[in-house]
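K.L.:
Need the 3D shape of this:
(one chain, ligands or ions: 1)
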Amino acid sequence: MTTINILYASTEGNTKSFIEKLAVIAESTGDEFHARLIGDETEYANEEQPYVAFVPTYLTGGTGIGPEVKEIFTNALGEYISFGNNADYLKGVVGSGNRNFNVQFNLTAIRYGNKFGVPMIAAYELRGSKFDAEKIYNKIKPYFGE
Ligand SMILES: Cc1cc2nc3c(=O)[nH]c(=O)nc-3n(C[C@H](O)[C@H](O)[C@H](O)COP(=O)(O)O)c2cc1C
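P.N.:
Model prediction:
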């Protein structure tokens, strides 16, 4: 049995829906599964177990991938990861977005991976499919050991 810990941001519910798909898989495989939504109201706490962060992409300003593009809505998650030693427990990032944003697709997860020095493990679009959920579940599980 593996214990999987996830912290995630979700403004419109797509990421939450994807996390629920992962929870169903965890149930069927007998893994322990903990997922916590991090938003503006979340109090900072010290993480003590490894976790993977799931972050959708919300960017505004600019037209491409330059520094003028600013993160919106997901900042609370980035700040939470930066708090105390929380970044030490971050194993990787799974991102999402909408491919209509072209070069900006999934850019927040790519930025988090670079900022925190962890892999951007996988990306999916919007709510993701059951197939995406199975694929990504199998990709994150090894980060939590056996
Ligand atoms: C204002 C706004 C800006 C967005 N910017 C991007 C973007 O730059 N790149 C991208 O891939 N998706 C972008 N998206 C799409 C969201 O990342 C996508 O809808 C995601 O599934 C939302 O997740 P959530 O429902 O969990 O909040 C944007 C959506 C909105 C509403």
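
K.L.:
pretty sure Phe83 is touching Thr42, no?
P.N.:
No. The pair Phe83 / Thr42 is not scored as a contact, 10.1 Å apart, by C-beta atoms under 8 Å. Using the backbone N, CA and C atoms, a C-beta is placed for each residue, glycine as well.

K.L.:
Up against the ligand, what does the protein have?
P.N.:
10-15, 56-59, 96-98, 101, 104-107, 126 (C-beta under 6 Å from any ligand atom).

K.L.:
could you flag which of these are buried?
P.N.:
10, 14-15, 56-59, 96-97, 104-107, 126 (16 or more other C-beta atoms under 10 Å).

K.L.:
Name the nearest of those relative to the ligand.
P.N.:
Gly97 (2.0 Å; C-beta to the nearest ligand atom).

K.L.:
Now do the same contact list for the closest one.
P.N.:
Taking C-beta atoms under 8 Å, 6 or more residues apart in numbering, we find Gly97 in contact with Pro56, Thr57, Gln104, Phe105, Asn106, Leu107, Thr108, Ala123, Glu125.

K.L.:
so how far is Gly128 from it?
P.N.:
11 Å (C-beta to C-beta, to the nearest Å).

K.L.:
so what sits against both of those two?
P.N.:
By C-beta under 8 Å, 6+ apart, no residue touches both Gly97 and Gly128.
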